[in-house]
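>>> Fold the stuff below for me.
(chains A, B and C)
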Amino acid sequence: MSSDLLNGLNPAQHAAVTAQGSALVLAGAGSGKTRVLTTRIAWLIQTAQVSPMGLLAVTFTNKAAKEMLTRLSAMLPINTRGMWVGTFHGLCNRLLRTHHREAGLPQLFQILDQQDQLSVIKRLLKTLNVDTDKYDPRKLQAFINMNKEAGLRADKVEAWDPYTRRLAEYFGEYDAQCQREGVVDFAELLLRSHELLARNALLREHYQERFRHILVDEFQDTSRLQYAWLQLLRGPGGALFAVGDDDQSIYAFRGADVGNMGQLMTDLGIAAPIKLTQNYRSHSTILDAANAVIGNNRNRLGKELWTDAGKGEVIRHFQASDDGEEARFVVEEIQALRRDGLGHSQMAVLYRSNAQSRAIEHALFSAGLPYKVYGGLRFFERAEIKHALAYLRLVANPDDDNAFLRVVNFPARGIGARGLEQLSDAARQAGTSLWAAACASGAGKKGVAAFVLLIEGLRADSLELPLAEKIEHIVALSGLIAHYQNEKDGEDRVENLRELTNAALSFSAEAETQSLEDFLAHAALEAGEHEAQAGQDAVQLMSVHAAKGLEFHTVFLTGLEEGLFPHENALNEADGLEEERRLMYVAITRARRRLYVTHSQYRLLHGQPRYGLASRFLEEIPEALVQSLRPARTAYQAPTYGARPTPVAVDAALPSGKYPHRIGSRVTHPRYGEGVVGGYQGQGAETEIRVSFPGAGDKWFILEYARLTNC
DNA sequence: AACTCTTTAGTCGCG
DNA sequence: CTAAAGAGTT
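Model prediction:
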């Protein structure tokens, strides 16, 4: 029986799936990690080592959780409903809703997303009369979240300097305000349920006895708090099975601590991780490049990817003179690949920062190619949706001050800053919510009174309606649709508001509930799909971070320049360069068959001209694996695919790094026109370049600022 | 109180 | 440069 499940696993995968007790699985990119995880769950259940209700499986994304459940139900004839499989936040939410009393929370606590949290912080700093030039709300937000992710409350923060002490003080005020208002931010979900389990021995022992097996995906992304949470849930006889890849740890900036992998081995007495190193995705040229790059990192658990799929194609490198040329090169290659029959959706263009998508989008658009951009706002984060949700939240709980403030005057109903100030003064003095203050004192003011009547009417009217109809009704009467219909460019927003009803419909079908509160929690915990342009078979554009976990036949890795990738900000951070290198490793291993790496000597960044040297990561790829393509001597002209002239090796005389313009080559200056590069002097940022112009003679420019282009 | 203008910040982003 | 937020204007 179980042999069916285990069929086709390689020895390492087999060992991981059937490991006894706790284990750490070091799963390289493309090594069948998800398969191992789901097969282990199925195997544990099938061999009766655990019941479906006796295990806990944690992922980072809703998508991963959903996929795990889908695969599981394909493997075993069990009902996955009710199993504890989900994201850290989803499971903590479940725990806190079930035990809200013990956790000191109202049953209907609201969840703040990042935007909500920031506006709460801004509001708080305003009432405390804090100078926001000195205490940046966003810095405070990061401070609060970082500390919570490390498991620290305001009174436990180590604050040696006055500035940090003030931040800690505001942190405490913020938590107090959240507690008063019954709202919980993302980090709080985790911290609060950790405290719940830590303080309540009965509860803790109950869950420890229940969850005999705890399984964690993407373990390298766990924060210290998440690790502590897992340890609390794991009872004396419980097993913790963690799967991760330290080389793909790219989320330190949001609290992930790779150190958890080593910590886990120490804490559970695991001598060595089980390594999955056979890669089923890429050809060996690509893996060799990835191995070589990541080999430059110091602190690794250590592993090398390999494949029996053969060498495959050489990695193609292109050096553009500006970002426009880089983009046109990508487009030409995409068109050639398309002619050879490769689907657009099999090709991805990756970049380090989202701002870089512009140039690529422009070129794709000009060429009439379909593309999808990932990143940006997601469905439940859009302003019109958040407005609609605020109405829903007020109907569910009128004391929700955040929701109140968001829509009390949107659409405009004559309630200005002055009126609001009176309201919040009244609320503070009476120690009540804004809503209560509005009911008490607002009767005189027509705008406020109308708003109170509107919300009360909405609640009364929609009480008995099923979820989707309720939402449709509230959205319609809120005046949001009318407002956006009058606004130019408002069609999309109206469309999204209508889509909200559909979202509610599919939610109530899937979750089998008509509860508005459940839907609101769902909206907070799952922000929905990223915006993506229409197009069935479209080229995929996304940041390297967004590409983690995905794979494509062909990958264009663009913008490989110092300062951009590795990003300059990362160089000042502890272990920043190593994290950037891991990001490079993730990027390379996305490609199944063909990998392009490109960089540009010049690009506009924030409207400023910038001359980037080739990324050090480019030079860390062994030369033998790379073939350099060069543009024609003049501006790059599209080579016909297949009939391209034999690529010429990059001129080795000068390292492609330090000098963007070769001595003796012709360059163009916006003011002086065409000239010849005479030479360089100075180092680093001081580097100057000499150019002789036929009309203006010899000129020296600071290389960093000179607007020179090769011609 | 709505509208327009100016200012400012700008790596990556799950829940 | 460009989008969004805050300040100033009508």
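
>>> Around DNA strand B, which positions in the stretch 401-550 of chain A sit nearby?
Contact residues, the stretch 401-550 of chain A versus DNA strand B (C-beta under 7 Å from any atom of the strand): A:409, A:412-419, A:447, A:525-527, A:530, A:542-543, A:545-546. All C-beta spots, glycine's among them, are computed from the backbone N, C-alpha and C.

>>> Make a ChimeraX selection of the buried ones in the residues you listed.
Buried residues among those (16 or more other C-beta atoms under 10 Å), as a ChimeraX selection:
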select /A:409,415,419,447,525,526,527,530,542,543,545,546
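
>>> so of the residues of the stretch 401-550 of chain A next to DNA strand B, which ones are in strands?
A:542-543 (DSSP state E).

>>> ok, residue A:108 - contacts?
Counting by C-beta atoms under 8 Å, 6 or more residues apart in numbering, residue A:108 makes contact with A:182, A:396-397, A:517.

>>> Name the nearest of those relative to residue A:609.
residue A:182 (51.1 Å; C-beta to C-beta).

>>> In what element of secondary structure is the residue lying closest to the closest one once chain neighbours are set aside found?
Of all residues not flanking residue A:182 in the chain, residue A:106 sits nearest, at 4.3 Å (C-beta to C-beta, 6 or more residues apart in numbering). For residue A:106, there is no host helix or strand (DSSP states H and E).

>>> ok, residue A:106 to residue A:437 distance?
According to C-beta to C-beta, to the nearest Å, residue A:106 and residue A:437 sit 19 Å apart.

>>> can you check residue A:620 too?
Per C-beta to C-beta, residue A:620 is found 62 Å from residue A:437.

>>> more neighbours, these two?
Taking neighbours as other C-beta atoms under 10 Å, residue A:620 and residue A:437 compare with residue A:437 leading, 22 against 15.

>>> what's that one in contact with, if anything?
Taking C-beta under 8 Å, 6+ apart, one finds A:423-424, A:426-427, A:430 in contact with residue A:437.

>>> Quickly find the element holding it.
helix A:434-441.

>>> Let's see that helix as CSV, backbone CA atoms only.
Listed next in CSV are the C-alpha coordinates belonging to helix A:434-441 (Å, rounded to 0.1, in the frame of the first residue of the first chain):
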residue,chain,number,x,y,z
LEU,A,434,-15.8,57.5,17.5
TRP,A,435,-19.0,55.8,16.6
ALA,A,436,-20.4,56.2,20.1
ALA,A,437,-19.3,59.8,20.2
ALA,A,438,-21.0,60.3,16.8
CYS,A,439,-24.2,58.8,18.1
ALA,A,440,-24.1,60.9,21.3
SER,A,441,-23.2,64.3,20.0
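
>>> if you skip the residues just before and after it, what's nearest to whichever residue of chain A sits closest to DNA strand B?
Proximity of chain A to DNA strand B (C-beta to the nearest atom of the strand) peaks at residue A:416, 1.8 Å away. Residue nearest to residue A:416 in three dimensions, not counting chain neighbours: residue A:409, with 7.3 Å by C-beta to C-beta, 6+ apart.

>>> same thing with residue A:232?
Spatial nearest neighbour of residue A:232, excluding adjacent residues (C-beta to C-beta, 6+ apart): residue A:197 at 4.5 Å.

>>> Now do the contacts for the closest residue to DNA strand C within the stretch 51-200 of chain A.
Relative to DNA strand C, the nearest point of the stretch 51-200 of chain A is residue A:122 (5.7 Å; C-beta to the nearest atom of the strand). Residue A:122 sits next to A:132, A:137 when contact means C-beta under 8 Å, 6+ apart.

>>> What pLDDT is listed against it?
Note on residue A:122: pLDDT of 91.

>>> what about it, which SS state?
What DSSP: H, G, I helix; E, B strand; the rest coil gives for residue A:122 is helix.

>>> Against residue A:181, how distant is the residue nearest to residue A:182?
Here residue A:106 is placed at a distance of 9 Å from residue A:181 (C-beta to C-beta).

>>> neighbour-wise, which of the two wins?
Between residue A:106 and residue A:181, counting by other C-beta under 10 Å, residue A:181 is the more crowded of the two (20 against 15).

>>> my read: that one touches residue A:401, true?
Yes. Residue A:181 lies in contact with residue A:401 (C-beta atoms under 8 Å); the separation is 5.6 Å.

>>> what's the overlap in contacts for those two?
Common contacts of residue A:181 and residue A:401 (C-beta under 8 Å, 6+ apart): residue A:433.

>>> picking that back up, in the contacts of residue A:108, which residue is surrounded by the most others?
Neighbour max across these (other C-beta under 10 Å) = residue A:397, 20 neighbours.

>>> Verify the stated contact: that one with residue A:181.
No. Using C-beta under 8 Å, residue A:397 is not in contact with residue A:181, being 9.9 Å away.

>>> Contacts only, for the closest residue in space to residue A:320 that isn't next to it in sequence.
Nearest residue to residue A:320, sequence neighbours excluded (C-beta to C-beta, 6+ apart): residue A:326, at 3.7 Å. Contact partners of residue A:326, counting by C-beta under 8 Å, 6+ apart, are A:318, A:320, A:359, A:558-559, A:598-600, A:603.

>>> Now name the helix or strand holding the closest residue in space to residue A:610 that isn't next to it in sequence.
Once flanking residues are discounted, residue A:610 sits nearest to residue A:603: 5.7 Å by C-beta to C-beta, 6+ apart. Using DSSP H and E, residue A:603 maps to strand A:602-605.

>>> does any part of whichever helix or strand comes after that strand sit near DNA strand B?
Next helix or strand after strand A:602-605 toward the C-terminus (DSSP H and E): strand A:608-611. No. Strand A:608-611 stays clear of DNA strand B (C-beta under 7 Å from any atom of the strand), getting no nearer than 7.7 Å.
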